[in-house]
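Trainee: Model the structure of this input:
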Amino acid sequence: MWSRVVTAVSRAGAARPVALAAGTACAAGSASLCNEDHIGAVELHWSNHGALAALDAKSVRRGFQVYKEVCATCHSVERLAFRNLVEFGAWSEEEVKAMAEEVEIIDGPNDEGEMFERPGKLSDYMPGPYANEEAGRAANNGALPPDLSLIVKARHGGADYIFSLLSGYCDAPAGKAMLPGLYYNPYFAGGAIGMPAPLMDEQVEFADGTPATVSQMSKDVAMFLAWVAEPEHDERKKGGFRFILAMALASLVAGYTKRFRWANLKARKISYQF
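Mentor: Numbering: from 1, shown residues only. Alright, predicted model coming up:
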């Protein structure tokens with residue numbers, strides 16, 4: 001395993017600081033996997049990984065802004081509806097309604113059998129950047145940008161991989177031949193990815209004043225996509241805590257019943273005379 005780490009780090013060249021950190025984590029037994037042609041994502045110990053830890057609502061809100069202003073030009077989140085933003089609680093209903101009304105949704109047919117456009121509603125799903133798959137491929141040299149609804153679950157490393165990929169772009173090392181239209185990223189399988197670096201410092205302006213660095217935007221959009229992939233995250237943990245608490249109380253009641261309710265029967269002495 002260590003030989004693979006050294007090989008991956010040496011091939012990363014200009015990305016030595018990033019590659020060395022990933023290689024060290026891999027050598028220490030991290031869940032990240034290093035291979036001959038790329039570096040595994042470093043485990044970042046997200047704040048929501050605790051047994052009772054919730055998603056960072058402020059980070060999810062900022063991540064949605066990054067997605068909307070940057071990622072949405074190519075990628076969709078077709079499983080996310082506007083109402084889900086209200087249900088999460090990081091946005092008010094008025095904010096989301098105004099956001100939905102900015103989108104024109106094709107609906108119908110009407111009484112005359114024709115399709116028509118209308119302002120979006122809370123029940124509508126987020127529209128994608130392309131009308132259909134063919135349009136998406138035509139706009140990206142035959143490659144279809146993946147939908148991001150379940151990307152955190154679909155990639156090994158989850159949010160760690162998303163963060164590492166978005167913040168890991170660098171110059172290709174000496175000897176690494178890059179075909180036209182491809183960009184070097186040591187965290188992507190093969191090291192060559194068709195998507196150029198999507199993030200730059202101060203690319204967006206956060207309303208809460210958080211500095212919009214590449215690492216901050218990468219972290220926030222990874223947190224947002226983690227919520228999109230698992231919107232029941234917080235409620236599931238709350239439900240699990242309530243279940244464990246209920247079982248603990250039930251165990252106490254059962255113990256009391258066994259110890260005291262049946263004590264006179266279990267401790268009685270029965271004698272027989274012949």
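
Trainee: any idea which element residue 106 lies in?
Mentor: Assigned by DSSP states H and E, residue 106 belongs to strand 104-107.

Trainee: Oops, could you answer that again for residue 217 instead?
Mentor: Assigned by DSSP H and E, residue 217 falls in helix 214-229.

Trainee: can you map out the strands along the chain?
Mentor: Secondary structure of the chain by DSSP state E: the strands cover 104-107, 116-119, 183-184, 192-193.

Trainee: quick one: contacts of stretch 240-254?
Mentor: Residues from elsewhere that reach stretch 240-254 (CB atoms under 8 Å, 6 or more residues apart in numbering): residue 52. All C-beta spots, glycine's among them, are computed from the backbone N, C-alpha and C.

Trainee: ditto for stretch 187-197
Mentor: Under CB under 8 Å, 6+ apart, the answer for stretch 187-197 is 11, 22, 35, 37-41, 74, 140-141, 143, 145, 161, 164-165, 168-169, 172, 176, 178-179, 181-185.

Trainee: That one: end-to-end distance?
Mentor: 13 Å (CA to CA, to the nearest Å).

Trainee: same check, this time on stretch 42-49
Mentor: For stretch 42-49, the end-to-end distance is 15 Å (CA to CA).

Trainee: For it, buried residues please.
Mentor: Residues of stretch 42-49 classed as buried: 42, 43, 46, 48 (neighbour count, 16 or more other CB atoms under 10 Å).

Trainee: Let's have those in a markdown table, adding pLDDT and distance to residue 135.
Mentor: Formatted as a markdown table, these follow (pLDDT from 0 to 100; distance: CB to CB, whole Å):
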| residue | pLDDT | distance to residue 135 |
| --- | --- | --- |
| 42 | 85 | 36 |
| 43 | 89 | 38 |
| 46 | 93 | 35 |
| 48 | 90 | 36 |
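
Trainee: Looking at these, which is nearest residue 270?
Mentor: Within those, distances to residue 270 taken as CB to CB reach their minimum at residue 48, with 59.2 Å.

Trainee: ok, the closest one touching residue 55?
Mentor: Yes. Judged on CB atoms under 8 Å, residue 48 makes contact with residue 55 at a distance of 4.8 Å.

Trainee: Name the residues contacting each of the two.
Mentor: Common contacts of residue 48 and residue 55 (CB under 8 Å, 6+ apart): 223, 226, 233.

Trainee: Tell me how many other residues surround the first one.
Mentor: In terms of burial, residue 223 registers 27 neighbours under the definition other CB atoms under 10 Å.

Trainee: measure it to residue 151 for me?
Mentor: Distance of residue 223 to residue 151, given as CB to CB, to the nearest Å: 13 Å.

Trainee: Buried residues, the helix with the most length in the chain. List them.
Mentor: Scanning the chain for the helix with the most residues, using DSSP state H, yields helix 233-256. Neighbour-count burial for helix 233-256 flags 233, 234, 237 (criterion: 16+ other CB under 10 Å).
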